[in-house]
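J.: Structure for the following, please:
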Amino acid sequence: MKVTVFPCGVAVNDSESLAIGHLKTQLQSVGGTDAWILLTNLAFSVAHQFQSAEIDIIAIGPPGVRVIEVKHWSAGWVDSHADLVEQECDKLTNKAKKIGTTLRRVVSEIGRVDGVMLLTWPPSKLKKLSGRQTRGVTFYSLHPPFTSFLVSGRRTNSSRCWDGLRERRSMSSRECSSWSPKIRTNQQPDHRRFAGCV
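T.: Residues are numbered from 1 along each chain as shown. Prediction:
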């Protein structure tokens with residue numbers, strides 16, 4: 001598979017860098033001609049008066065769009081901090097809903113956008129967590145089943161998401177004049193905010 005990574009910001013820790021690199025490598029190792037876009041470290045808010053929330057990874061591909069939160073949590077830490085884990089899962093679900101709503105303004109065919117937790121501890125130490133759900137959010141480790149989850153599923157019109165976003169680049173800025181992050185930030189200073197669309 002072809003995988004293109006657009007770094008919309010700087011990874012805040014080694015876990016995020018590890019997860020981004022691992023995900024790219026795993027997707028590239030899957031056969032086929034499908035293309036994936038990974039938007040990483042994206043600052044996002046639904047209105048300018050609210051503080052932006054950082055989204056670690058947005059994966060856009062043929063099965064749809066996924067919002068991925070990267071955490072360096074051990075199984076023991078998750079078990080002993082259940083309230084905090086639930087709060088983080090609720091935050092992730094809200095981020096995924098907001099991303100889905102925002103994307104549907106541009107490409108109406110996008111289906112449900114789910115959030116998932118990607119844990120960066122060694123997979124052998126996360127066996128009891130991988131696949132577990134908390135508040136509707138599934139936990140995965142840096143292990144091939146996560147890649148299988150991303151690439152599996154019903155093919156939807158959301159596979160046209162990125163093309164649809166790029167086709168709309170000529171529209172007004174309110175309708176997202178440019179969703180494609182620019183590498184040269186001096187030409188597009190608001191790329192961390194979905195190109196100023198929110």
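J.: spatially speaking, which residue is in the middle of this protein?
T.: Relative to the mean C-alpha position of the chain, the nearest C-alpha, by CA atoms, centre = their mean, is the one of Ile58, at 2.0 Å.
J.: Now the phi/psi pair for the closest residue to that one other than its chain neighbours, please.
T.: Nearest non-adjacent residue to Ile58, counting by CB to CB, 6 or more residues apart in numbering: Leu39, 4.3 Å away. (C-beta placed from N, C-alpha, C; glycine too.) With angles defined as degrees, to the nearest 10, Leu39 sits at phi -90, psi 120.
J.: Make sure Phe6 is actually in contact with Leu38.
T.: Yes: counting by CB atoms under 8 Å, a contact exists between Phe6 and Leu38, whose distance comes to 7.0 Å.
J.: If you count neighbours, what's buried in the longest helix seen in the chain?
T.: With residue count as the measure and DSSP state H as the assignment, the chain has helix 82-104 as its longest helix. Neighbour-count burial for helix 82-104 flags Val85, Glu88, Cys89, Leu92, Thr93, Lys95, Ala96, Lys98, Ile99, Gly100, Thr102, Leu103 (criterion: 16 or more other CB atoms under 10 Å).
J.: Quick check: the farthest pair among the residues you listed?
T.: Farthest apart among the buried residues of helix 82-104 by CB to CB are Val85 and Leu103. That separation is 26.8 Å.
J.: For Phe149, give me its contacts.
T.: Applying CB atoms under 8 Å, 6 or more residues apart in numbering to Phe149 gives the contacts Val116, Thr138, Tyr140.
J.: Now tabulate those residues in TSV and tack on pLDDT.
T.: Converted to TSV, these look like this (pLDDT from 0 to 100):
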residue	pLDDT
Val116	93
Thr138	91
Tyr140	90
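J.: Please tabulate the residues you listed in JSON lines, including the columns neighbour count, distance to Asn13 and secondary structure.
T.: As requested, the contacts of Phe149 are exported to JSON lines (neighbours: other CB atoms under 10 Å; distance: CB to CB, whole Å; DSSP: H, G, I helix; E, B strand; the rest coil):
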{"residue": "Val116", "neighbour count": "20", "distance to Asn13": "18", "secondary structure": "strand"}
{"residue": "Thr138", "neighbour count": "17", "distance to Asn13": "22", "secondary structure": "strand"}
{"residue": "Tyr140", "neighbour count": "22", "distance to Asn13": "18", "secondary structure": "strand"}
